[in-house]
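A.B. asks: 3D model of this:
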Amino acid sequence: MDFINVLKSRDGSKIPNVLEEFIIKNAKCFTFQSMETCKIQTEVWNSLSELLRDEEFSDSHPQCLQILKILSRDQQHLDEIVTDSLINLLIDKANLSLHQSSTLPKEFNSILEAQKCIFNLVFSHLKSRTLFSETSIAEAIFVRLSVDNPSSIPHEVILFDLKILFLLTALCSNCRPSLRYSLHGIQRLTKYLEHCTENGVDHLDCNTVDLCCETLKIIFNLLLSSDKPSDLAVDTDNELQLQCHLMKIIRQFLLINSNAVKKKEALKSHAINLLTSMSYESYEELIPPSANTEDGFQGCDITALVVFLEYLDERLEKPARVLQEELLPVLTVLIQFSKTNRIARKFIRSRVLPPLRDVMHRPEEGDTLRNKLCRLMTSPVTQVEFLVAEFLFVLCKENVSRLIKYSGYGNAAGLLAHRGLMMGHPPTHVSTYSSDSEDSGTEEYKQAEHSINPITGSYEPERPNPLDQMSDEQKEYEAVKLVNMIDKLQRKGIIQPARVGEDGKPRAIEHVMELQKD
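C.D. replies: Purely as a prediction, here's the structure:
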C-alpha cells in the first residue's frame, strides 16, 4: 500500500502530499476498506505515531493528528491499537501533560487536532476511556482553565477541553469523586464561570455561552457523585457555601438578556438542569431580598421564579416528542422550590393556581398555565403525568380536596391512587406546610359550588333524569345491556373490578363478595 510505504520511508518530500491526499479522500469516512485488517491499521497508527514523535516532521504533525482523528472513528481494531504509549502521546500533543498545560505554544492546530482525536476515543472506545481516566488529563484541563488570561487561548481549544472533561465525567463515574473532591473540580469550574461573566452576562458572545453551557454540564455530572473519597475529609458547610456561590452565578444566567435567542435559551436550559442536582438549601439564593416593592414579593426578588414559569409555559406549547426532555427538569425544580420555600410556593401558586373564577369550563380547557398542566395530568408519558400532578399537589399544600377543586377528581385520580389517597387523607395525616390561610374561594365559585361536578371539576347544569321517561321493561333492557358490556370488557382483561385497600390504593378483587362491606 503506497500510503503506508511512504510513511515508512520517512521521505520528507512525499509525506506532506500523501497525508493531504488521505485526508481529502477519507474526511467523511467511518470505515476504511483499504485497511480492513488489524495488521494494516496497526502499521498506519504506529507509523503516524513515529512521525509525531519526530520534531523533524513538526510541520506535518497537524495532518498526522487529523488522520488519527479520522481513523479513530473506526472501532474495529482499536483494542489492539490503543496503548498507554499512544494515550500519552496524544495527551502530549494536546498540551495536556501537567508540566505542559500552563505553557501555551503559539501554534494551536496540533493541539486542536489531538483534542479531537482524544474526544473520539473517549466517546466511542471503552479501553481508551479507561486509560485516559487513569491519567492526569483532567487535572491538566483544570490547570489550563485557571491560567491568568484564559481568553488568550483560542475558543475551540477551551471548548474541546471542556467537551473531553464532560465525556470523562459522564462516562467514567468512578472518576467523579476524585475530580469533585480531591481536585476541587466544582470550585475550579465555578471560578472559570466567574471569569466568563466578569463583564456581565448580558454581554456574553455566542462562543462564551457555549463554554458556559459545557461548564454547567460538567458541574452537573460532578454533583451526581455522592461517594466521597475515604481518605479525604469533606467539609459539608463549605460544600453548601460553594453551591450557594454557584447559585448566584446560575441566577445571572437565568436572568440573561441577550438578542441571541437560541444561545440564551440553551444557557437557561443547562442552568435549570444543573439546579435539579444542587442542594435545596442553596435555592434561597435565587430569590434574594428586594427593596423594590414593585418587582418584589413579600420582600424577595422573585424575577427568577418568573423566568421559571415563562420557561415552563413555553415548553408546554412544544410537541409531545420533546415534552419529556425539556419539561421534567423545570418541573422538578419548581416542585422542590415549592416544597422547601414558603414564599416561592405562594408566588408560584398565585401564578399557576390563582383564585378559581372560571367554573364553567373543565380544568383542562383553556390556555392558562393551570389548563395546560391539567391536560398533562392524563398524559401517556408516565413521568410527565406524575410530575405535573405532583407539582399541582404541592401548590395545593398536598391537600386532596383543594387539588380536586382545581383539577377535578378524574384528572387527579392517577396521583391519588399512587399516593394511596383515593379516599382522602387518613385521620393521622399531618401537613408539613405552613398553616397560613390561602382561601381560593371566589364569589363565582361559591355561587356555582352546588352544581360543580367533582369528577370533571366544572359546572354542570341540572339535567332531567333519563330514567324518568323509561318504562320498567326499557330500564331492564338497558341494565342487561350494560351488564353484558361490562362482562365483555372484564373477560377481555380491559377492566378489572377493584376496591380501595387499607393503604388507600386500588386493589384488584378476586370475588364479588369482597365488594361487601366488612
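A.B. asks: which residues in stretch 251-270 does the neighbour count mark as buried?
C.D. replies: 251-256, 258, 263-264, 266-270 (16 or more other CB atoms under 10 Å). To be clear about C-beta, it is placed using only N, CA and C from the backbone, and glycine gets the same treatment.
A.B. asks: tell me the least confident of those?
C.D. replies: Lowest in pLDDT among these is residue 258, which has 73.
A.B. asks: which element, helix or strand, includes that residue?
C.D. replies: According to DSSP states H and E, residue 258 maps onto no helix or strand at all.
A.B. asks: ranges for the strands of the stretch 151-300 of the chain?
C.D. replies: 296-297, 300-301 (DSSP state E, counting those that start in this stretch).
A.B. asks: which ones are touching residue 455?
C.D. replies: By CB atoms under 8 Å, 6 or more residues apart in numbering, the residues touching residue 455 are 408, 409, 410.
A.B. asks: how about the strands of the stretch 151-300 of the chain, which one is nearest residue 513?
C.D. replies: Counting by CB to CB, residue 513 lies closest to strand 296-297 out of the strands of the stretch 151-300 of the chain; the figure is 56.5 Å.
A.B. asks: number of nearby residues for residue 336?
C.D. replies: By the criterion of other CB atoms under 10 Å, residue 336 has 17 neighbours.
A.B. asks: helix, strand or coil for it?
C.D. replies: Classification of residue 336 using DSSP: H, G, I helix; E, B strand; the rest coil returns helix.
A.B. asks: wait, it sits on residue 286?
C.D. replies: No: with contact defined as CB atoms under 8 Å, residue 336 and residue 286 do not form a contacting pair (11.5 Å).
A.B. asks: most neighbours among the contacts of residue 455, which one?
C.D. replies: Highest neighbour count within the contacts of residue 455, by other CB under 10 Å: residue 408, with 22 neighbours.
A.B. asks: could you check how far that residue is from residue 446?
C.D. replies: Between residue 408 and residue 446 the computed distance is 18 Å (CB to CB, to the nearest Å).
A.B. asks: point out where the stretch 301-450 of the chain drops to low pLDDT.
C.D. replies: Applying pLDDT under 70 to the stretch 301-450 of the chain flags residues 319-322, 425-432, 434-441.
A.B. asks: which residues in it form helices?
C.D. replies: Using DSSP state H, counting those that start in this stretch, the helices of the stretch 301-450 of the chain run over 303-316, 320-340, 342-352, 369-376, 382-395, 400-407, 409-419, 443-448.
A.B. asks: JSON lines for the strands of the stretch 151-300 of the chain, including distance to residue 421?
C.D. replies: Converted to JSON lines, the strands of the stretch 151-300 of the chain look like this (distance: least, CB to CB, whole Å):
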{"stretch": "strand 296-297", "distance to residue 421": "30"}
{"stretch": "strand 300-301", "distance to residue 421": "32"}
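A.B. asks: between those, which gets nearest to residue 363?
C.D. replies: Closest approach to residue 363 among those is made by strand 296-297 (25.3 Å; CB to CB).
A.B. asks: strand partners (parallel or antiparallel) of the closest one?
C.D. replies: strand 300-301 (antiparallel) (DSSP bridges).
A.B. asks: can you list contacts of the strand it pairs with?
C.D. replies: By CB under 8 Å, 6+ apart, strand 300-301 touches 287, 288, 289, 290, 292, 295, 343.
A.B. asks: with stretch 275-284 instead?
C.D. replies: With contacts defined as CB under 8 Å, 6+ apart, stretch 275-284 is touched by 220, 223-224, 239-240, 243-244, 246-247, 250, 329, 332-333, 336-337, 339-341, 344.
A.B. asks: generate a ChimeraX selection restricted to the buried entries among the residues you listed.
C.D. replies: The ChimeraX selection below is limited to those of the contacts of stretch 275-284 classed as buried (16+ other CB under 10 Å):
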select :220,223,239,243,244,246,247,250,329,332,333,336,337,339,341,344
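A.B. asks: most packed of the strands of the stretch 151-300 of the chain?
C.D. replies: For the strands of the stretch 151-300 of the chain, the largest average neighbour count (mean count of other CB atoms under 10 Å) is found in strand 300-301, namely a mean of 20.
A.B. asks: centre of the chain to that one, how far?
C.D. replies: Centroid separation for strand 300-301 versus its chain: 26 Å, with CA atoms, centre = their mean, to the nearest Å.
A.B. asks: can you put the helices of the stretch 301-450 of the chain in CSV and add distance to residue 51?
C.D. replies: Below are these laid out as CSV (distance: least, CB to CB, whole Å):
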stretch, distance to residue 51
helix 303-316, 51
helix 320-340, 44
helix 342-352, 60
helix 369-376, 59
helix 382-395, 52
helix 400-407, 68
helix 409-419, 63
helix 443-448, 80
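A.B. asks: among those, single out whichever gets nearest to residue 105.
C.D. replies: Among the helices of the stretch 301-450 of the chain, the nearest to residue 105 by CB to CB is helix 320-340 (40.1 Å).
A.B. asks: alpha carbons of that closest one, as PDB, please.
C.D. replies: Extracted in PDB, the C-alpha atoms of helix 320-340 (Å, rounded to 0.1, in the frame of the first residue of the first chain):
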ATOM      1  CA  ALA A 320     -45.100  15.700  22.800                       C
ATOM      2  CA  ARG A 321     -41.900  14.200  21.400                       C
ATOM      3  CA  VAL A 322     -39.800  16.800  23.100                       C
ATOM      4  CA  LEU A 323     -42.000  17.400  26.000                       C
ATOM      5  CA  GLN A 324     -40.400  15.000  28.400                       C
ATOM      6  CA  GLU A 325     -36.800  16.000  28.000                       C
ATOM      7  CA  GLU A 326     -37.400  19.800  28.400                       C
ATOM      8  CA  LEU A 327     -40.300  19.700  30.800                       C
ATOM      9  CA  LEU A 328     -39.100  17.300  33.600                       C
ATOM     10  CA  PRO A 329     -36.100  19.400  34.800                       C
ATOM     11  CA  VAL A 330     -38.100  22.700  35.300                       C
ATOM     12  CA  LEU A 331     -41.000  20.800  36.900                       C
ATOM     13  CA  THR A 332     -38.500  19.100  39.300                       C
ATOM     14  CA  VAL A 333     -37.000  22.500  40.300                       C
ATOM     15  CA  LEU A 334     -40.400  24.100  40.800                       C
ATOM     16  CA  ILE A 335     -41.600  21.200  42.900                       C
ATOM     17  CA  GLN A 336     -38.600  21.200  45.200                       C
ATOM     18  CA  PHE A 337     -38.600  25.000  45.400                       C
ATOM     19  CA  SER A 338     -42.300  25.000  46.400                       C
ATOM     20  CA  LYS A 339     -41.700  22.300  49.000                       C
ATOM     21  CA  THR A 340     -38.800  24.000  50.700                       C
END
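A.B. asks: can you list the residues that contact that helix?
C.D. replies: 269, 272-273, 275-276, 280-281, 283, 286, 305, 308-309, 311-312, 315-316, 318, 344-345, 348-349, 376, 379, 381, 383-384, 387-388, 390-391, 394-395.
A.B. asks: name the SS class of residue 455, please.
C.D. replies: Classification of residue 455 using three-state DSSP returns coil.
A.B. asks: buried stuff in stretch 170-182?
C.D. replies: By neighbour count on 16+ other CB under 10 Å, the buried set for stretch 170-182 is 170, 172, 175, 176, 177, 178, 179, 180, 181.
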